[in-house]
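>>> prediction below, plus the sequence it came from.
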Amino acid sequence: RTSTAMAETEEAVLQGSWDRELAEALDSGGCDLETVRNIIQGRELPAQQRAQIWKIALNVAGKGDSLASWDGSLDLPEQSLIHSRCQQLLDQLSVPEESRDAALADTEAVITFYCKSRNITFTPDLNWPHLLRPLLGLQLPRSDLYNCFYAIMNKYIPRDCVPKGRPFHLYRLLLQYHEPELCSFLDTKKITPDSYAISWLGSLFSSHCPPEVTQAMWDVYLQQADPFLIFFLMLIILVNAKDGILAQEGDGKEEIVKMLESSPAYLECEDLEDLFSLAHYYYSKTPLSLRKENQNLFGSSLVALKEEEMDLSQALCLPVSVPEILQANQLQAEGVRFFVVDCRPAEQYNAGHLSTAFHLDSDLMLQNPSEFALSVKSLLEAQKQSLESGSVASGEHLCFMGSGREEEDMYMNMVLAHFLQKNKEYVSIAKGGFMALQQHLADINVEGPDNVYVHWIVSTSGPRGSIGSADGESVNGAGDGKGVKSLVNKMTFALKSKSVNVKEKVISFIENTSTPVDRLSFTLPWPEKETPERHVSSSDRVGKPYRGVKPVFSIGDEEEYDTDEIDSSSMSDDDRKEVVNIQTWINKPDIKHHVPCSEVKETGHMFPSHLLVTATHMYCLREIASRKGFAYIQSRQALNSVVKITSKKKHPELITFKFGNSSSSGVEILAVERYLIPNAGDATKAIKQQIMKVLDALES
């Protein structure tokens, strides 16, 4: 028992200390919201300081009397309505008789002056009296009451908070994003958000919550100072009531609306912590565009929404801006990451697409439904595997990208509807489509350094119109468990420079999606300009270029995207290379070691390969994508010609072999080969031991 008593006194001491700190900070004057938040740290507000803290949070502390210039005349045409609404409000509040007249005069003055100064007519459906209820509880002087009311209207009540208004279309898109099943149930019943939530939004819940709950909610809400948070609180109220709502299948629209509208009334003070933490969780799983693209819903500017603003009532699903799509997967491991699905026709996709996009040809939906179903299956599989491997292209959130031209995107809209009907959560659309992407890249490149600009847009050569694949491989190839073939694309790097010389080194980030390894980034020296160029043969073309944090680069003018810089160790064209059965070779008696790996070209392209080591030589077999189980003999190097084997400290899986002649005059490098080898340590150890044996034998 003594320990409990001690704990309680300790608690009291602690509380005393932050209480004191808060009181001192508030007394000192000039205290800002940040200071208040740091002291309070989510604790319950002391009642005696609530008024001061709310004023600081609303940024009206020390603000003058706005009503000073007003003559106080209560002569609006709707004045009697204002008067009776204010009386009703005070009746609900049970204000003591002696201060009732003053409170009534203050309330009527605040509403009347607000109507006059903003040139608004007061109507019965306005929620202003509800907004004033928590403020009247603070017993503020009239000027403060007005300033607080004005600040809340200005900062927290969205513009257009009327039936069929923009905020409700936005809220419906948010509900659909997180709870598609619930959204479609309400849509089927023709229940729009404004029918049950207009007073939630217009009064920040004070219309339906018990006064002590509203007060505790505003304590937290005003400290958070984010006007968009209300949408997420509304979302959680609905998510919380979901089972009850879906169980009302047989009820009429009116009953459901009534039940929904009154649901905040059941909130209790102890529910608020969960309410806010769930709201923040859903907020963190929502694209930032929701807020960024709708900033003008809040604020004092009298300028109405711009004409070119998207009509949200017509939006199929949540629109996400192109800059967010490009940044999301770079910046955060937590939060929103997109898996981009390019729905344009194959020829448009092949001509250029976002380097991390998966192709789903939307025309197939009508032309070949079974092939479409297969594509969708491989899309979801690719998404799943990319998430497991932590690829830069991975994301739980599906973002569909069309061309940005309405008539062309009709099929994409059908595909979107298909996903939404299946109650798929986290479905969004790239605002403005591919045209917006090109425009955005042009805009940011204008500001960037003018010698080099990185292309996020890549082109694909290869069999046209193949589905479920980013690099022109057929779907069957994607399903063979060798990693997600459809996730990786050819990336190009365009050089926008006056002179022809290429920067000596270009950093290229490579990511291997088939075996989850740490993200690789390394610099590769480019071959001299004289290196012969050749046309990539058909087998080379399906080599999987790996996508990464920034595009993996191949150098050349834009129209030269399908030429490959060839490194000095490469052999003659594929058609002259020997084709062998991989398994037969692995089983050959003279093969001492077999190392599955990927060969890494200087362009950053990767090819699934096998290193086979005999007593004297090292062979590289490159898998032929179109013929499962077969490979080209890509290179054959004598072990005694290895002059150096290196790996990077940061990226131990990336191994470089240098072959050449050592003589008294130094080392002449004749060939360089790079491989990405999982568990590289064991493999290189085995190869080194074999080399030592060869060298020992030579010496003896």
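Alright, I've got the coordinates.

>>> burial of E270, as a residue count?
9 (other C-beta atoms under 10 Å). Placement of C-beta: from N, CA and C, glycine included.

>>> can you check M606 too?
Counted with other C-beta under 10 Å, M606 comes out at 25.

>>> how close does it get to S117?
67 Å (C-beta to C-beta, to the nearest Å).

>>> please apply the same query to R172.
Taken as C-beta to C-beta, the span from R172 to S117 is 33 Å.

>>> more neighbours, these two?
R172 (21 against 14).

>>> contact partners for that one?
183, 192-193 (C-beta atoms under 8 Å, 6 or more residues apart in numbering).

>>> restrict those to the buried ones and give me that as a PyMOL selection.
Applying 16 or more other C-beta atoms under 10 Å to those, the buried members can be selected in PyMOL as follows:
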select buried, resi 183+192+193
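
>>> with adjacent residues omitted, what lies nearest to N59?
A151 (6.5 Å; C-beta to C-beta, 6 or more residues apart in numbering).

>>> likewise L366?
Closest to L366 by C-beta to C-beta, 6+ apart is Y411, at 7.2 Å.

>>> I'd say the one you found and D363 touch.
Yes - with contact defined as C-beta atoms under 8 Å, Y411 reaches D363; the gap is 5.6 Å.

>>> mind putting the contacts of R172 into JSON lines with secondary structure, pLDDT and distance to L312?
Formatted as JSON lines, the contacts of R172 follow (DSSP: H, G, I helix; E, B strand; the rest coil; pLDDT from 0 to 100; distance: C-beta to C-beta, whole Å):
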{"residue": "C183", "secondary structure": "helix", "pLDDT": "95", "distance to L312": "14"}
{"residue": "T192", "secondary structure": "coil", "pLDDT": "96", "distance to L312": "12"}
{"residue": "P193", "secondary structure": "helix", "pLDDT": "96", "distance to L312": "12"}
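
>>> nearest to L380, of the contacts of R172?
Of all those, L380 sits closest to C183, with 20.9 Å by C-beta to C-beta.

>>> could you check how far that closest one is from L173?
In this view, C183 and L173 are 9 Å apart by C-beta to C-beta.

>>> could you do K658 as well?
57 Å.

>>> and the two? Which one has more around it.
Neighbour comparison, K658 and L173: the larger count goes to L173, with 21 against 18 (by other C-beta under 10 Å).

>>> ok so that one is a helix residue?
Yes - membership of L173 in a helix is supported by DSSP: H, G, I helix; E, B strand; the rest coil.

>>> phi and psi next, for the nearest residue to it once chain neighbours are set aside.
Spatial nearest neighbour of L173, chain neighbours left out: L318 (4.7 Å); criterion: C-beta to C-beta, 6+ apart. Here is the backbone geometry of L318 (degrees, to the nearest 10): phi -60, psi 120.

>>> pretty sure L318 sits against H178.
No - the criterion here is C-beta under 8 Å, and L318 misses it with H178 at 9.8 Å.

>>> name the residue in the two with the higher neighbour count.
L318 (25 against 19).

>>> count of neighbours near G42?
Count around G42 with other C-beta under 10 Å applied: 10.

>>> and it, how far is that from V36?
12 Å.

>>> what of C209?
23 Å.

>>> with neighbour numbers in mind, choose between the two.
More crowded of C209 and V36, by other C-beta under 10 Å: C209, with 25 against 19.

>>> please give me every residue in contact with A23.
Contacts of A23 by C-beta under 8 Å, 6+ apart are Q49.

>>> any stretches of this protein with poor pLDDT?
1-16, 300-309, 331-333, 446-456, 460-576, 602-604, 650 (pLDDT under 70).

>>> check the secondary structure at the spatially most central residue of it for me.
Nearest to the geometric centre of the chain sits V336, at 3.0 Å (C-alpha atoms, centre = their mean). When classified by three-state DSSP, V336 comes out as coil.

>>> correct me if wrong: it contacts H397.
Yes - proximity of V336 to H397 meets the contact threshold set by C-beta under 8 Å, at 5.5 Å.

>>> now the common contact residues for those two.
P287.

>>> next up, phi/psi of the residue nearest to L366, please.
Residue torsions, per degrees, to the nearest 10, at Y411 are phi -70, psi -40.

>>> quick one: contacts for it?
343, 362-363, 365-366.
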